[in-house]
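Enquirer: I'd like to go over a predicted model; first the sequence, then the structure.
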Amino acid sequence: MIPGKFEYHAPETLADAVALLGQYGEDGKVLAGGHSLLPMMKLRFAEPAHLIDLNRIKDLRGVRDGGNKVLIGAMTVENDLIAADLLWAKCPLVPEAAKQIADPQVRNRGTIGGDVCHGDPGNDHPAIMIAVDATFVVVGPEGERKLPANGFYLGTYWTQLEESEVLTEIQIPAFNDNTGWAYHKLKRKTGDWATAASAVVLELDGDVCSRVNIALTNVGPTALKAEEAEAVLAGQVVDENLIEQAAQKAMAICDPAEDLRGDVEYKTHMAGEMTRRAIRQAVQRARG
Amino acid sequence: MKKTHITFTLNGQPVEVLVEPRELLVHVLREQLGQTGSHIGCETSHCGACTVDLDGRSLKACTLLAVQADGSDLLTVEGLAPGGELHAVQEGFVQEHGLQCGYCTPGMLIRAYRLLQENPNPTEAEIREGMSGNLCRCTGYQNIIKAVQYAAKKLAEGEVEAA
């Protein structure tokens, strides 16, 4: 299987990449790690006439310290997230979740930006980004926009990113000492997408949950923010009774597609269980 | 479609090939350069039979355009035994019976080579995780793990007795 015919462009600067996108309009498509797009091109699900490869743009790679924020270049590959001490220190959910994505070879090529922008509900980073309150910096012909992860996902393969725009950077607020986090992902085997997964980030003020984000992977047309589940925990002392109520609220918003990973009822049930486990671990970690 | 000249280093030797942008690296290696060690298994980046070592990282050559390898330093399974003497990972697969049909073996070898560069003294769990991007349809994983352990010992100590 090889992709259909296309013209290949390998710009070395962001400005050149944006100019090429502007020039080719909807005939152009950005290539990041290629581990979603190239398979889709082999199957003719995607047939861009112009492929604009971002891999030669060095400025888009790497993790930088932004004081109270961590700044992640969109073309940073999963294994470089896992290797980034700065992330383990300031936002450990991201590398911890990255370890659960794909396999070692794929993680050498697959990028956080590609995972974020592809819009596949099976991708893991969208729920993670919603849970950590990430902001996406995108650049297009009109200049730069900053978009919160929460609200970025509009539908399957459909995000707020315009065809002429490139995601350049992801900005994540640094965790506090009282932040707890967890990503629980059920998968059939290494490298698989989630049957269901749940990302939780919360803060404890004493015993009281003062802030909480819960987001779900692969149980709806996009990553889902479980706002009613969050509302159960916010301002409360989290106990098993509330965890159960939150899990039920999370299950109530699930609308998974039935496939070989399971039917609707099973996936919904597993999303609830992943949420229970993630809340418990996040609370434990927030207590330190 | 316009063809492009690309150059890279393959197993220590400079090569130049003319490719279409849509050609995948694994096809160029096998069909143009005659290096058939990198196998085509699933073609969907699951199985790892096409694993190569590009600029010091293990990658799946079925999900990489050949044009993307322009300027790179590439090692394939053919480069593991340049003088004809088996590399420790190859010796490990022989000594520990790390292969049955052999189809996945080149990918296993080149991945095991890089894994031991990254982590010269891996635990069994680390080997399982490190090799998790390579599938063996004969399900001979147990001896593959032993083969990697053999190679780790051999590289560290120079000599090793087969288990």
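Expert: Arrived safely. Worth saying up front: this structure is predicted, and the values here are computed from it rather than measured.

Enquirer: residue closest to the middle of the chain?
Expert: Defaulting to chain A. residue A:125 (1.6 Å; Cα atoms, centre = their mean).

Enquirer: was after chain B, sorry
Expert: In chain B, the centroid-proximal residue (Cα atoms, centre = their mean) is residue B:110; its distance is 2.5 Å.

Enquirer: which strands and helices sit next to the host helix or strand of it?
Expert: Assessed by DSSP states H and E, residue B:110 sits inside helix B:105-118. In terms of contacts (3 or more Cβ pairs under 8 Å, 6 or more residues apart in numbering or on different chains; DSSP states H and E), helix B:105-118 is packed against helix A:104-107, strand B:51-54, strand B:57-60, helix B:88-95, helix B:124-130, helix B:141-157. Any C-beta I mention is one placed from the backbone N, CA and C, and that applies to glycine too.

Enquirer: give the buried residues for stretch B:89-103.
Expert: For stretch B:89-103, the neighbour count (16 or more other Cβ atoms under 10 Å in any protein chain shown) marks B:89-93, B:95-96, B:98-99, B:103 as buried.

Enquirer: got it, and stretch B:138-152?
Expert: Residues B:140, B:143-152 are the ones in stretch B:138-152 that count as buried (16+ other Cβ under 10 Å).

Enquirer: and the residues you listed as a markdown table, adding distance to chain A and pLDDT?
Expert: Converted to a markdown table, the buried residues of stretch B:138-152 look like this (distance: Cβ to the nearest Cβ, whole Å; pLDDT from 0 to 100):
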| residue | distance to chain A | pLDDT |
| --- | --- | --- |
| B:140 | 17 | 95 |
| B:143 | 19 | 98 |
| B:144 | 14 | 98 |
| B:145 | 14 | 98 |
| B:146 | 20 | 98 |
| B:147 | 17 | 98 |
| B:148 | 13 | 98 |
| B:149 | 18 | 98 |
| B:150 | 20 | 97 |
| B:151 | 17 | 98 |
| B:152 | 16 | 98 |
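
Enquirer: tell me, how many residues neighbour the nearest residue to residue A:12 once chain neighbours are set aside?
Expert: Spatial nearest neighbour of residue A:12, excluding adjacent residues (Cβ to Cβ, 6 or more residues apart in numbering or on different chains): residue A:56 at 4.9 Å. Residues contacting residue A:56 under the criterion other Cβ atoms under 10 Å in any protein chain shown number 17.

Enquirer: repeat that for residue A:97.
Expert: With other Cβ under 10 Å as criterion, residue A:97 counts 27.

Enquirer: same question, residue A:188
Expert: With other Cβ under 10 Å as criterion, residue A:188 counts 12.

Enquirer: just checking, residue A:33 touches residue A:107?
Expert: No. Judged on Cβ atoms under 8 Å, residue A:33 makes no contact with residue A:107 at a distance of 9.2 Å.

Enquirer: what do those two both touch?
Expert: Shared contacts of residue A:33 and residue A:107 (Cβ atoms under 8 Å, 6 or more residues apart in numbering or on different chains): residue A:77.

Enquirer: so which of the buried residues of stretch B:89-103 are also by chain A?
Expert: Among the buried residues of stretch B:89-103, no residue lies close to chain A (Cβ under 8 Å from any Cβ of the partner chain).

Enquirer: chain A: which of these is nearest?
Expert: Closest approach between these and chain A, by Cβ to the nearest Cβ: residue B:89, at 15.6 Å.

Enquirer: residues in contact with the closest one?
Expert: Taking Cβ under 8 Å, 6+ apart as the test, what residue B:89 contacts is B:80, B:109, B:112-113, B:116, B:147-148, B:151.

Enquirer: residue A:222: what's its closest spatial neighbour, skipping adjacent residues?
Expert: The spatial neighbour of residue A:222 that comes closest, neighbours along the chain excluded (Cβ to Cβ, 6+ apart), is residue A:153 at 3.7 Å.

Enquirer: residue contacts, that neighbour?
Expert: By Cβ under 8 Å, 6+ apart, the neighbours of residue A:153 are A:119, A:126, A:159, A:222-223.

Enquirer: quick check, pLDDT for the residue nearest to residue A:62 when sequence neighbours are not counted.
Expert: Leaving out its chain neighbours, the residue that sits closest to residue A:62 by Cβ to Cβ, 6+ apart is residue A:73, at 4.9 Å. Per-residue confidence at residue A:73 stands at 98 (pLDDT).

Enquirer: for residue B:40, the count of nearby residues, please.
Expert: Number of residues near residue B:40 (other Cβ under 10 Å) recorded here: 16.

Enquirer: which residue sits closest to residue 131, ignoring its sequence neighbours?
Expert: Chain wasn't specified; assuming chain A. Residue A:131's closest residue in space is residue A:199 (Cβ to Cβ, 6+ apart), at 3.9 Å.

Enquirer: that answer is for a different chain, and I need it for chain B
Expert: Nearest residue to residue B:131 in three dimensions, chain neighbours excluded: residue B:111, at 6.2 Å (Cβ to Cβ, 6+ apart).

Enquirer: show the average pLDDT along stretch A:133-149.
Expert: Stretch A:133-149 comes out at a mean pLDDT of 97.

Enquirer: please point out which parts of that stretch sit buried.
Expert: Neighbour-count burial for stretch A:133-149 flags A:134-140, A:147, A:149 (criterion: 16+ other Cβ under 10 Å).

Enquirer: what's the most distant pair in those?
Expert: Maximum pairwise distance in the buried residues of stretch A:133-149, criterion Cβ to Cβ, is 19.1 Å, between A:134 and A:140.

Enquirer: chain center to the helix or strand harbouring residue A:266, what's the gap?
Expert: Element membership of residue A:266 [criterion: DSSP H and E] is helix A:264-287. Its chain's C-alpha centre and that of helix A:264-287 lie 18 Å apart, by Cα atoms, centre = their mean, to the nearest Å.

Enquirer: domains of chain A?
Expert: Following automatic domain parsing, one gets these domains for chain A: A:7-53, A:58-172, A:179-286.

Enquirer: measure the second one end to end?
Expert: Read that as domain A:58-172. 21 Å (Cα to Cα, to the nearest Å).

Enquirer: circling back: among the domains of chain A, which is nearest residue B:12?
Expert: domain A:58-172 (21.5 Å).

Enquirer: where does the stretch 1-150 of chain A have low pLDDT?
Expert: For the stretch 1-150 of chain A, no stretch is flagged by pLDDT under 70.

Enquirer: let me know the pLDDT of the nearest residue to residue A:204 once chain neighbours are set aside.
Expert: In space, and not counting its chain neighbours, residue A:204 is closest to residue A:286: 4.2 Å by Cβ to Cβ, 6+ apart. With respect to pLDDT, residue A:286 has a value of 98.
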